[in-house]
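Colleague: Need a 3D model of the following:
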Amino acid sequence: MSQEDSDLSMRRAAIRDAVREVVRRTREAKRKGNILRLEVQGLEVTSSLYPMYSLLGTSTTLPGRPLTDFVEIVQGVTWGGKGAEQVFDLDERDVKKLDLEKEVTPRRIGGRDIEQWRVNWMGRHVLFPYLSRKGKWSRAFGVVGEVTKPVAITDALDFEHPVDETEKSILGRDSSKDEKHREILEHRIANGLVKFPNAATYLVQHFDQLAARTFEDRTLREYNKKWYEYHRPRTPTVTRRPKIVGPRLVKTARFALDNIGFLPRDSVIVMAPKQRGFDELKKALTEALSTECSDADVLRYILAFLNSATFNNLLEEKISKKRGGYPIIDERLLRRVAIPVPTGARKVIVKKLLGLVKDATSRPPCNEIDEKIDSLSETLYQSESRSRLRG
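Modeller: Here you go, the predicted model:
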């Protein structure tokens, strides 16, 4: 063997040893990590925990179908108005003490309630004055029943229009507005016109504060809303069960599965099944595993990629543009996420991935499980990328 061949052989051996060392150190690195620059046996090697298509920072290179094909992205509800939080946002003890009706005091979550993989509810409720009907919200205080003839109002908390002579008399008295509202409400409750009397009584105590709210220099009346309504109640999609939720302001991926049906406030981004695309992914997952999958199984599959190093790289890219500030997780960012479509050829990997995500969503944080999930999701990305090249 010539000296040149010998030097080349030694060089190749050094490179192999360097690569092995880089792989070992990369596996030991925290899954939240970044790009590793290592010097091994005189060789400087750069190793990334993120796939190359992620480093490119373009949605077109991510293998798989866009996340938005499968889920509808909605922000949580916004009551709006200075001081309104103290009225609408309630502790569980307050709800019990005031005996507020369950139908209008759902459990709510904010960004701080969401850990990676799971929701850690902190015991908060909101007084949410809406009911779901035919896929839309309707006001919870629509008039029920009648007095002696059909009532001339449609909302039981409309105090501008009397429903009978008794209320006309109350409005004509020389007393405060608060006192008039209280007496009118008591009269309507006594006549069975108010569906949720305890919640109504509580809200009326804060009438002036809630009625005076303005949003973008417009009053509630100009928005065609009642004095007790939310600025942005969104749609019943936000309470769907199951769904994926995550904080809107965060530096590291922290998405969770909500199997309860919490009502998220505006600090939360919601991802709920989008019927057609979601059903297609569900069918693909069922065929890949040869077993019937639930909606929660499909969301767990999606969740693995949302909590991955690839998504964290997208966040880091956005953070760098904001110079250290918290990036907003919105539809624009989530459109860049792609989900590999499962196939029978990847059955073993997909099955193992779903099992690990299920463990992660039902137990305290575990770095070992997180690392395994990240490794499997990366394997699926690479497999999808190879399939795309072959195709």
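Colleague: Ser377 versus the nearest residue to Cys366 once chain neighbours are set aside, what's the distance?
Modeller: In this structure, Cys366 finds its nearest non-sequential neighbour in Ala360, 7.0 Å apart by CB to CB, 6 or more residues apart in numbering. Every C-beta, even on glycine, is put in place using the N, C-alpha and C of the backbone. To Ser377, Ala360 is 12 Å away according to CB to CB, to the nearest Å.
Colleague: which residues does the residue nearest to Cys366 contact?
Modeller: Listed by CB atoms under 8 Å, 6 or more residues apart in numbering, the contact partners of Ala360 are 116-118, 366, 369-370, 373.
Colleague: gap between Arg254 and Leu333?
Modeller: Arg254 sits 14 Å away from Leu333, going by CB to CB.
Colleague: now do Pro197
Modeller: 44 Å.
Colleague: Three-state assignment for Gly277, please.
Modeller: When classified by DSSP: H, G, I helix; E, B strand; the rest coil, Gly277 comes out as helix.
Colleague: What is the burial count for the nearest residue in space to it that is not next to it in sequence?
Modeller: Once flanking residues are discounted, Gly277 sits nearest to Asp69: 4.0 Å by CB to CB, 6+ apart. The tally of other residues near Asp69 (other CB atoms under 10 Å) stands at 17.
Colleague: cool, Gly325 as well?
Modeller: With other CB under 10 Å as criterion, Gly325 counts 11.
Colleague: do the one 4 residues further on as well
Modeller: By other CB under 10 Å, 26 other residues sit near Ile329.
Colleague: do the same with the one 4 residues further on
Modeller: Other residues lying near Leu333 total 17 when counted by other CB under 10 Å.
Colleague: Use 59 as the first number from now on
Modeller: Let's use 59 as the start, then, which means that last one is Leu391.
Colleague: I'd guessed Phe254 sits against Val202; true?
Modeller: No. With contact defined as CB atoms under 8 Å, Phe254 and Val202 do not form a contacting pair (10.0 Å).
Colleague: Helices of the stretch 109-258 of the chain, start to end?
Modeller: Along the stretch 109-258 of the chain, counting by DSSP state H, counting those that start in this stretch, helices occupy 110-113, 142-146, 150-156, 223-229, 235-248, 255-262.
Colleague: Quick one, which of those gets closest to Asp337.
Modeller: helix 110-113 (27.2 Å; CB to CB).
Colleague: what about the residue nearest to Lys416 when sequence neighbours are not counted, distance to Ile431?
Modeller: The shortest distance from Lys416 to any non-neighbouring residue, by CB to CB, 6+ apart, is to Arg358 (6.2 Å). Using CB to CB, Arg358 is found at 10 Å from Ile431.
Colleague: Pick the most buried one from the helices of the stretch 109-258 of the chain.
Modeller: Sort these by mean neighbour count, taking mean count of other CB atoms under 10 Å, and helix 255-262 sits at the top with a mean of 20.
Colleague: That one - contacts with which helices or strands?
Modeller: The contact analysis (3 or more CB pairs under 8 Å, 6 or more residues apart in numbering; DSSP states H and E) places helix 255-262 against helix 235-248.
Colleague: Need the residues touching each of Arg358 and Ile431.
Modeller: Val415.
Colleague: and the residue found closest to Lys301 once you drop the neighbours it is linked to in the chain, how many neighbours?
Modeller: Using CB to CB, 6+ apart and skipping residues adjacent in sequence, the residue nearest Lys301 is Ala330, 4.4 Å away. Close neighbours of Ala330, defined as other CB under 10 Å, add up to 24.
Colleague: So which other helices or strands are in contact with the helix or strand harbouring Ala330?
Modeller: Assigning secondary structure by DSSP states H and E places Ala330 in strand 326-331. Counting contacts by 3+ CB pairs under 8 Å, 6+ apart, strand 326-331 is packed against strand 129-133, strand 301-305, helix 353-364.
Colleague: Make TSV from those and add mean neighbour count, distance to Leu268 and mean pLDDT to it.
Modeller: Formatted as TSV, the entries for the helices and strands packed on strand 326-331 read as follows, by neighbours: other CB atoms under 10 Å; distance: least, CB to CB, whole Å; pLDDT from 0 to 100:
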stretch	mean neighbour count	distance to Leu268	mean pLDDT
strand 129-133	20	22	97
strand 301-305	24	27	98
helix 353-364	23	36	97
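Colleague: want to try CSV for the ones you listed, with distance to Asp147 as columns?
Modeller: Shown next, in CSV, are these (distance: least, CB to CB, whole Å):
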stretch, distance to Asp147
strand 129-133, 17
strand 301-305, 17
helix 353-364, 27
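Colleague: Indicate which one of those is closest to Arg276.
Modeller: Using CB to CB, those put strand 129-133 closest to Arg276, at 19.7 Å.
Colleague: Report the angle between that closest one and helix 353-364.
Modeller: Angle, strand 129-133 to helix 353-364, by axes from the mean of the first three to the mean of the last three CA atoms, to 10 degrees: 70 degrees.
Colleague: Can you pull out the residues in contact with strand 129-133?
Modeller: Residues contacting strand 129-133 (CB under 8 Å, 6+ apart): 290, 292-293, 295-296, 302, 306, 324, 326-332, 336, 360, 388-389, 392.
Colleague: hey, where'd the strands end up in the stretch 259-408 of the chain?
Modeller: Assigned by DSSP state E, counting those that start in this stretch, the stretch 259-408 of the chain shows strands spanning 272-273, 276-277, 301-305, 314-316, 321-322, 326-331, 396-397.
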